[in-house]
Structures are given as structure tokens and as C-alpha cells.
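[1] How does the following fold in three dimensions:
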Amino acid sequence: MNIVRFALIWTASLLSSVGSSLTTFVLGVWVYQTTGSPTEFALVVLSGMLPGILIGPFAGLVVDRFDRRKVMILTDCLAAVSTAAVGFLIWADGLAVWHVALAGAVSGACGVFHLTAYQAMTPLLIPERHLGRANGLMHLSSGIQIAAPVLGATLLATVGMAGVVAIDLSTFGVAMLALLLIRLPAAVLRPNVAAERPAVLEDLGAGWRHLRSRTGLTALVAALTGFNFTFAVAGVLVQPLILSFAGPGVLGVLMFAGGAGMLAGGLVMGAWGGPRRKIGGMTAFMALGGVFLVLHTVSPSPLLVGAAAAGFLFTLPVVNGCAHAVLQSRVDPALLGRAMGTVHTLGSAAVPVGYLLAAPVAEHLLNPALLPGGALAGSAGLIVGVGEGRGIALVLLLDGLLLLTLAGVLAALPALRRLDRRPVPVPVA
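    Residues are numbered from 1 along each chain as shown. Prediction:
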């Protein structure tokens, strides 16, 4: 019965994420077309990301102290209000860039509360042996976000921005109705209702202290943070890499291929559940992801880059699904919200760092050095080639090698390997 409840919550969340992804895409297009500024576009993207990074531990504290369904409903309603306000401004022809940035910040912050509550409830609904499957399915929304430009562009041309926002709000309505109607056990909604509550400032650090007290979990969080960094570097550079040798039409097709790879990874993880030894599976698929990153750089070929992008993104749900399954099964359910909020903050903090480091290094340092006659044309140019965009290729090559090194180091850590040998089952409500 609890698995059915999880399936209903998952379906509702997936539907809502489809609508949100479409709105994010069309508003991003509007910002770029209105301003013509990549910097303003990037600032809008960061405005939706940074609040969620900063409030992770606080979101975990709220999720552990209060009814988790009510937390999800309240924060989802706040996000819907901000989206509705954007829709009204579109209708009134009064939308400005700062409106989009503010709405993105509200939605990003509310999304962290939703995700933290979702992840904290999952191991109380799903037996430990199925946690890998559950986490794989939860990552389908990420694949949809990457593939959103294909459907979003079609809807933008047919129903316009206001129509896309209306679709988003309708998917929110369906998801909210499902959350209200699904009956959930009290132990899932408030597993520590009788626990003594320490002071708020002290409680904010409880998730990190709990992770540090469990052998191997700190290393696992560091592994996820490193993986997110390499993923961010690839994410910010792969589109400029493609545009250096192909047009926007090819870019759209290859982005869809990448999204399809992530969707396939989520579906496979959902059906398979990952290997029995989750840490071993995580490190193996990290290494495979590093190989696919390196393949991006071999030749400026749309076919090769499309296949490599699909392969790399296929590994993402498997890596995260294995890691989150281990975390959910090793952390005390009463502390899971605070622990997952801390994991989210640390892992997500690596993303803007990757963005801010990779793009300037590629644009201002390595791209000029890999033009014909450049400083690296006779050395690194023999590996990645010479010409426009090959500095980006070199950064991606180094990124792939970094991911391979990270996988090798993690595979050699005894503390991480012990997590595979010492299961600590979480009781299912």
C-alpha cells in the first residue's frame, strides 16, 4: 500500500515538474530575447539557484519539525502564486526581467522544501531494497527539464507565454489535489513528533553532525559534491561547444538526445534499482561518465557529441540514485530532512562554482590558446584539435579526467566501501 502511495506522489510531482520546466524555458527565452545579454540571462538563472542553496539546512529543519505534507502544500502554493503573478504581468504587458528573477528565486527556494520533504518521506514509504528504484524514478524530472526546450518551443509558438504559464498552473492544480487526497501514515508525515526540540540555531547543524557521526557518509557527501561540480562544468560548456561547429537546429536535437539519455537512465534505474553494492555502482558509473565526457572532445562531430551527451546523462540518475539510496537507509528517519537539506546545500553549492570557473577559463584562457598559432596549438591542440571552440573541448577533457580520478579515489576509500557491507535498514511505516 505504501508503494502505491509513493507512486501517486511521484506521478503528481513529475507532472508538476513538467509544467515548471516549460515555464522556466519560455521565460528564459523571453529574458534573452528582451535583453540580448548573456550576463542578464545568467543572473536570472543564478537567482533561481542561489536561494535554494542557501536555505537547504533550514528547509530540512522545517521538514523534520512539521507535517511534511503541509510543508509541501504550503511551499508549492507559494511557488504557484509567484508563477500566477508572472502570468498576470504577461497578460498586462508589464513583465520585466527583475520580475522573472524574483519569481525564479521564490520557486527555487520553495522547490528545496518540496524536494527535501519528498526525499525524507521516501524511505518511510519504500522498503530499502527498492530505494534505488525510487530514486531513479525521481530523477526522471531532471531529464524532462533538459528535454523541455523541444516541447517548450512548440508551445511558445502556438499558445504563447501566457498559455505555457496556464499549463504550468494546471499541472500544479492536479499535483496539489493528489497531495491532498493521498492518505499517509502519521509516522511518514511526522516521524519525530514526540522528540524534544533543541534551539533552532543548534538544530540547523544537526544534519551535518549526524552525517559526520556515521562512518563513510561524509565521504559520500563529498563524492556527490565533486560529481555535481563536474556535471556543472559540462552543463555550462556543452551548448557553446556544439554551437562552435553547428547551428541552433542541431543544438536543439542534441539537447533532446541528452535529455533522452537522462530519461533512459531514470527508467533503467527505476526498473533495475541499481547494483546490490550501491557504492560500487556509484563509482563505476562515475567512471563511465568520465569516459563519456572525454568522448565529447575527440572530434567536433554532432553524432559523436550527441551520443556522448546521452551516455553521460544516462549515468546521472544511476550515480545519484545509488548515493541517495545509501543516505536514506543510513540516516535516522527523524533527522533525514535536516541531513538531506545539508546534502542538497553542499552538493548544489558546487554548481555555481563550476559555472563561474569553467566559462571564463574556456573563453578567455584556453580558446585563444587553441586558435591556429596559439600557445597550446602544438601541444594540447594535437589532442583536442585547433580552432573555434577547442578551448571548450580542452576544459571538458580535463573535466572528464577529473571525474575519472574522483571515481578512482572513491573506489579506494575503505570508509566508503564499508557502507556497502554494513546495511542499516530504515523501518517502513
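[2] Using the centroid of this protein, identify the residue furthest from it.
    Distance from the C-alpha centroid of the chain peaks at residue 373, with 39.6 Å (CA atoms, centre = their mean).
[3] tell me the SS of that residue?
    coil (DSSP: H, G, I helix; E, B strand; the rest coil).
[4] What separation do you get for it and residue 387?
    11 Å (CB to CB, to the nearest Å). For the C-beta atoms, the positions are set from N, CA and C on the backbone; glycine is no exception.
[5] Phi and psi next, for the residue farthest from the centre of the chain.
    Main-chain dihedrals, residue 373, degrees, to the nearest 10: phi 80, psi 0.
[6] ditto for residue 219
    The phi/psi pair for residue 219 (degrees, to the nearest 10) is phi -60, psi -40.
[7] go on, residue 182?
    phi -70, psi 130.
[8] Pull the number of nearby residues for it.
    15 (other CB atoms under 10 Å).
[9] The stretch 151-300 of the chain: strands as residue ranges?
    Taking DSSP state E, counting those that start in this stretch, the stretch 151-300 of the chain contains no strands at all.
[10] Isn't residue 76 up against residue 172?
    Yes. Assessed by CB atoms under 8 Å, residue 76 is found in contact with residue 172 at 6.7 Å.
[11] what's the overlap in contacts for the two?
    Here residue 76 and residue 172 have residue 16 as joint contacts, going by CB atoms under 8 Å, 6 or more residues apart in numbering.
[12] got a list of what the spatially most central residue of the chain touches?
    Nearest to the geometric centre of the chain sits residue 142, at 6.0 Å (CA atoms, centre = their mean). Residue 142 makes contacts with 262, 266, 316-317, as judged by CB under 8 Å, 6+ apart.
[13] One more pass at 10 Å, please.
    17, 21, 259, 262-263, 265-266, 313, 316-317, 320 (CB atoms under 10 Å, 6 or more residues apart in numbering).
[14] nearest to residue 159, of those?
    Closest approach to residue 159 among the contacts of residue 142 (CB to CB): residue 21, at 15.7 Å.
[15] That closest one sits in which helix or strand?
    Assigned by DSSP states H and E, residue 21 belongs to helix 2-35.
[16] same for that helix, what does it pack against?
    helix 38-54, helix 68-91, helix 97-125, helix 131-138, helix 140-158, helix 160-181, helix 186-189 (3 or more CB pairs under 10 Å, 6 or more residues apart in numbering; DSSP states H and E).
[17] quick check: mean pLDDT across the third one?
    The average pLDDT within helix 97-125 is 93.
[18] Hmm, residue 347 is touching residue 354, no?
    No. Using CB atoms under 10 Å as the test, residue 347 is too far from residue 354 to be in contact (11.5 Å).
[19] Out of the helices and strands packed on helix 2-35, which is closest to residue 278?
    Residue 278 lies closest, by CB to CB, to one member of the helices and strands packed on helix 2-35: helix 131-138, at 6.6 Å.
[20] Convert the closest one to CSV, retaining C-alpha atoms only.
    Written as CSV, here are the backbone C-alpha positions of helix 131-138 (Å, rounded to 0.1, in the frame of the first residue of the first chain):
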residue,chain,number,x,y,z
LEU,A,131,15.1,2.8,-2.7
GLY,A,132,17.4,2.7,-5.7
ARG,A,133,14.4,2.2,-8.0
ALA,A,134,12.5,5.1,-6.2
ASN,A,135,15.4,7.5,-6.6
GLY,A,136,15.9,6.6,-10.2
LEU,A,137,12.3,7.4,-10.9
MET,A,138,12.6,10.7,-9.0
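[21] what's the domain layout of this protein?
    For the chain, the domain assignment from automatic domain parsing gives the residue ranges 1-190, 203-423.
[22] so how far is the first one off the chain centroid?
    Distance, stretch centre to chain centre, for domain 1-190: 12 Å (CA atoms, centre = their mean, to the nearest Å).
[23] follow-up on the earlier one: most tightly packed of the helices and strands packed on helix 2-35?
    Burial of the helices and strands packed on helix 2-35 is given as mean neighbour count (mean count of other CB atoms under 10 Å); helix 131-138 ranks first at a mean of 25.
[24] For the stretch 1-150 of the chain, give me the ranges with low pLDDT.
    Along the stretch 1-150 of the chain, the parts satisfying pLDDT under 70 run over 1, 37-39, 145-149.
[25] Pretty sure residue 289 sits against residue 311.
    Yes. Using CB under 10 Å, residue 289 is in contact with residue 311, at 8.0 Å.
[26] So which of these two has more stuff around it?
    Counting neighbours by other CB under 10 Å for residue 289 and for residue 311 shows that residue 289 has the greater number, 27 against 21.
[27] tell me the contacts of the more buried one?
    So residue 289 contacts 227, 230-231, 234, 311-316, 318-319, 400, 403-404, 406-407 (CB under 10 Å, 6+ apart).
[28] go on, residue 231?
    By CB under 10 Å, 6+ apart, residue 231 lies in contact with 289, 293, 312-313, 315-316, 319-320, 347, 350-351, 354, 399, 403.
[29] Could you tell me how far it is located from residue 299?
    From residue 231 to residue 299 the distance is 22 Å (CB to CB).
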